[in-house]
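Student: Predicted model, plus sequence, below.
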Amino acid sequence: MKNRFMRTALVVLALAGQVAAGVFVHRVERQREAARASLAAFARDVGRAQAIVGDLRGAQTGLVATGQDPSFWVPKIAGLTSDASAALEPLDRGQLTTDAAQDLAAAIGALADFARTSDQVRDLLATGQPLTASSIAFGDAARHLSQAAGALAAAVPSQSRALAGEEARTRPLEVFALAGAALLAAAALLLLLPRAAQAPAAAAETEAAAATVPLSLATPPPADLGALGRTGFDLDIRRVPVAAPTELPPETPHESEEAIVEDLQRESQLPLNTEAQVDLTAVARLCCDLAQVNDGSQLPALLGRAAELLDAAGIVLWMAAPQGTVLRPAASVGYSDHTLGRMKALSGRSDNAVSVAFRQGRMEVVHGGKDRNGAVVAPVVTAGGCTGAMAVEIRHGAEASASVQAVATIIAAQLATLVAETTT
């Protein structure tokens, strides 16, 4: 597409979709925080009323006890009853669920019945009928207090369950909003990208790889494929790479069959953190910032934010030249210069997770072991095909979490827009 106006309109539309998704997620999170604060205040007021009901039970017993002065207990009971009603009456029932509102109304009604029964006990004591007063105090009055205590005890759980159900309903909507924004950006790229040009000569493959993303990092010189273990980017290095051969051979395993079996046994015993959650509001802000990158020097800081969101030990962005089969690290975060120096190149024909994700265009998950982090490798796919892979070293077994995998896919899709821009 060569029309400048249409190109600008598509870019604005893609950015607007990402901003709209970010605003939606931010608004939902704000509403969720307000609901949690309201639940905490409701639980505090109900707890205070429950404590007062407990005091009323003791005061009612003291009122009819032998040798006690009713002139002391009668005003105390009246004051406690008034305090309990004052703690519950101001609560806004419009913000409560039907069950919680009914429990609150039942508690208020039971306190009102107790107040009337307590007046009867007071009158009976005043007319010299202590046995009848005791019967009512330990009968009807005690029953009303038990009803009030039971209703108060059920009100907070009812409201809490409703809040949890609302969060479960809105959480997928946030994921869909972010995924929709990413898909909108990808659709815009399909229209913006020109037709694929002829592949460059094989001798220019290294220079073309350096131009696939707008980075200021120097591309490593051609060298031997790095011996980087099964994940293709971690510290699973068993030996020092040998001198570079004339041609790049496929990688061979660097672990014995016994060691691989032992690793798999450890991995099967590792409890996976499949419930790990990711801050979707922060993911939305990160996607918006990635969409505005115009200088490669900004990318490492953004990858650092992505690592924090995913609880990652490090991230490496592997890129290949157009029509190329060799992957090289284009950007990274979380690794020392010494480690990066050993990450030279990977053959797209090898069996490590990065090469498989690049070759097949699908996510690869490497589960961690007892002494090794896991990994999620998301392909970087543009309209012209898969151009690389984003390898994320995940801690605490969270690589098995569907939320972590989904967010890694979204970030990789956003990185694909940077790759595509440099080819237009």
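Tutor: Done, it's in.
Student: which strands and helices sit next to the lengthiest helix in the chain?
Tutor: For the chain, the helix reaching the highest residue count under DSSP state H is reported as helix 4-64. Using 3 or more CB pairs under 8 Å, 6 or more residues apart in numbering; DSSP states H and E as the contact criterion, the elements in contact with helix 4-64 are helix 70-88, helix 98-126, helix 130-136, helix 142-192, helix 280-291. Yep, even glycine has a C-beta here, placed from its N, CA and C like the rest.
Student: How much space separates Ile136 from Val74?
Tutor: Relative to Val74, Ile136 is positioned 14 Å away (CB to CB, to the nearest Å).
Student: and if you look at Ser134?
Tutor: Computed with CB to CB, the distance linking Ser134 and Val74 is 15 Å.
Student: what's next to stretch 299-308, contact-wise?
Tutor: Here stretch 299-308 makes contact (CB atoms under 8 Å, 6 or more residues apart in numbering) with 213, 215, 282, 286, 289-290, 293, 312-315, 317, 331-334, 392, 411, 418.
Student: Now the buried members of those residues.
Tutor: Buried positions within the contacts of stretch 299-308, assessed by neighbour count (16 or more other CB atoms under 10 Å), are 213, 215, 282, 286, 290, 293, 312-315, 317, 331-334, 392, 411, 418.
Student: Mind checking which of these land in helices?
Tutor: Secondary-structure check on those using DSSP H: residues within helices are 282, 286, 290, 411, 418.
Student: of those residues, closest to Ser38?
Tutor: The nearest member of these to Ser38, counting by CB to CB, is Ala282 at 23.9 Å.
Student: need the contact list for the closest one.
Tutor: The neighbourhood of Ala282, defined by CB under 8 Å, 6+ apart, consists of 305, 309.
Student: any low-confidence regions in the stretch 51-200 of the chain?
Tutor: 67, 90, 92-94, 194-200 (pLDDT under 70).
Student: Now do the same contact list for the nearest residue to Thr170 once chain neighbours are set aside.
Tutor: Take Thr170 and drop its neighbours on the chain: the residue closest to it by CB to CB, 6 or more residues apart in numbering is Val28, 5.3 Å away. Under the criterion of CB under 8 Å, 6+ apart, the contact list for Val28 reads 170, 173-174.
Student: Next: Phe42.
Tutor: Phe42 makes contact with 91, 96, 100, 155-156, 159 under the criterion CB under 8 Å, 6+ apart.
Student: do Gly314 as well
Tutor: Gly314 sits next to 233, 307, 332-335, 392-393 when contact means CB under 8 Å, 6+ apart.
Student: Could you work out the most separated pair of those residues?
Tutor: With CB to CB as the measure, no two of these lie farther apart than Phe233 and Ala307, at 13.1 Å.
Student: so how far is Val46 from Glu89?
Tutor: Taken as CB to CB, the span from Glu89 to Val46 is 13 Å.
Student: any chance of the contacts of Val28 in JSON lines, plus neighbour count and distance to Asp351?
Tutor: Rendered in JSON lines, the data for these read as follows (neighbours: other CB atoms under 10 Å; distance: CB to CB, whole Å):
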{"residue": "Thr170", "neighbour count": "15", "distance to Asp351": "41"}
{"residue": "Leu173", "neighbour count": "12", "distance to Asp351": "39"}
{"residue": "Glu174", "neighbour count": "20", "distance to Asp351": "36"}
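Student: Would you mind giving the residues you listed as JSON lines with distance to Ala40 added?
Tutor: What follows is those, written out as JSON lines (distance: CB to CB, whole Å):
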{"residue": "Thr170", "distance to Ala40": "19"}
{"residue": "Leu173", "distance to Ala40": "24"}
{"residue": "Glu174", "distance to Ala40": "22"}
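Student: Which one (most neighbours) among the contacts of Phe42?
Tutor: When these are compared by neighbour count (other CB atoms under 10 Å), Ala155 ends up highest, at 29 neighbours.
Student: Please list all residues in contact with that one.
Tutor: With contacts defined as CB under 8 Å, 6+ apart, the neighbours of Ala155 are 42, 46, 96, 100, 103-104, 107.
Student: The spatially closest residue to it that is not a sequence neighbour: neighbour count?
Tutor: Nearest in space to Ala155, with sequence neighbours left out and distances taken as CB to CB, 6+ apart, is Asp103 at 3.9 Å. Asp103 has 23 neighbouring residues, counting by other CB under 10 Å.
Student: Surely Asp103 and Leu152 touch.
Tutor: Yes: A contact is recorded between Asp103 and Leu152 when judged using CB atoms under 8 Å, the distance being 7.3 Å.
Student: Neighbour count for Phe233 and Ala307, which is higher?
Tutor: Under the criterion of other CB under 10 Å, the comparison of Phe233 against Ala307 puts Phe233 first, with 29 against 18.
Student: Quick check: the gap between the residue nearest to Arg32 when sequence neighbours are not counted and Ala35.
Tutor: Leaving out its chain neighbours, the residue that sits closest to Arg32 by CB to CB, 6+ apart is Glu167, at 6.1 Å. Relative to Ala35, Glu167 is positioned 8 Å away (criterion: CB to CB).
Student: ok, these two, which is more surrounded?
Tutor: Each of Glu167 and Ala35 had its neighbours counted (other CB under 10 Å), and the higher figure belongs to Ala35 (16 against 13).
Student: All set now, cheers.
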